[in-house]
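> pasted the sequence and its predicted model underneath.
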Amino acid sequence: EPEVTQTPSHQVTQMGQEVILRCVPISNHLYFYWYRQILGQKVEFLVSFYNNEISEKSEIFDDQFSVERPDGSNFTLKIRSTKLEDSAMYFCASSVSINTEAFFGQGTRLTVV
Amino acid sequence: AQKVTQAQTEISVVEKEDVTLDCVYETRDTTYYLFWYKQPPSGELVFLIRRNSFDEQNEISGRYSWNFQKSTSSFNFTITASQVVDSAVYFCALSAGYSGGYQKVTFGTGTKLQVIP
């Protein structure tokens, strides 16, 4: 069964460093998303991406964040100058269209120290 | 604005008991989708169901059933004959308001279900 793949599963980084979280969406999906979940809290929408541009972003997704689809298979989330409060589980998701369910990856746990 | 409320923070049941997880949603859109996701202790998000706002039929899938009532803006989830493997956090979620081809899912705060053997 096709699945969304995220790497790495866990990343530890020092405050102020840049990190790139990687995702391989399901191959025939056209819409891509990043969500985050601070430990013990709810899942929060960050950004959606379609046709090589951001479709929507939340207030959380500020200038510190950027997304990119560098090739035909990867979808990345870059966090510049990480802060302690960026520590969270980051989920990538993809969907066939805007009105179908998003399938989530296993998540990348980011720990900023 | 969209909002999903899961008033039950934690529920504990003894194995084989039935349990209902409540979900109340708010949206001004007439077209929307409702979801349930399961998050086991391992952390991944597992899709369980999606319903659209035009389909109020209840759905049953094995031990799982869902009751969608637009009149009360609720989309409740029942697990019958609960098992230890059902222990997880369950999230209700809402997606509404399509414009220019984007989708945003608003999650509730989750209900942590513990099934005691």
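Thanks, I have the structure now.
> do a quick rundown of the strands in chain A.
Here chain A has its strands, by DSSP state E, at A:5-7, A:10-13, A:19-24, A:31-37, A:43-50, A:53-57, A:65-68, A:75-79, A:88-95, A:103-104, A:108-112.
> give me the distance from the fifth one to the chain's centre.
Translated: strand A:43-50. 7 Å (C-alpha atoms, centre = their mean, to the nearest Å).
> can you list contacts of it?
A:30-38, A:54-58, A:60-61, A:65, A:67, A:69, A:75, A:77, A:91, A:98, B:37, B:45, B:91, B:93, B:101-107 (C-beta atoms under 8 Å, 6 or more residues apart in numbering or on different chains). The way it works is simple: take the backbone N, C-alpha and C, and place the C-beta from them, glycine included.
> and that strand, which strands flank it?
strand A:31-37 (antiparallel), strand A:53-57 (antiparallel) (DSSP bridges).
> which of those sits most buried?
Neighbour counts (mean count of other C-beta atoms under 10 Å in any protein chain shown) averaged over each of these peak at strand A:31-37, with a mean of 25.
> tabulate the CA atom coordinates of it in PDB.
Once non-C-alpha atoms are left out, strand A:31-37 reads as follows in PDB (Å, rounded to 0.1, in the frame of the first residue of the first chain):
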ATOM      1  CA  TYR A  31      -1.500  18.300  -2.700                       C
ATOM      2  CA  PHE A  32       1.100  18.300   0.000                       C
ATOM      3  CA  TYR A  33       0.900  19.500   3.600                       C
ATOM      4  CA  TRP A  34       2.900  20.000   6.700                       C
ATOM      5  CA  TYR A  35       1.400  19.800  10.200                       C
ATOM      6  CA  ARG A  36       3.100  19.900  13.500                       C
ATOM      7  CA  GLN A  37       2.200  18.500  16.900                       C
END
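> now the angle from it to strand A:88-95?
Calculated by axes from the mean of the first three to the mean of the last three C-alpha atoms, to 10 degrees, strand A:31-37 forms an angle of 160 degrees with strand A:88-95.
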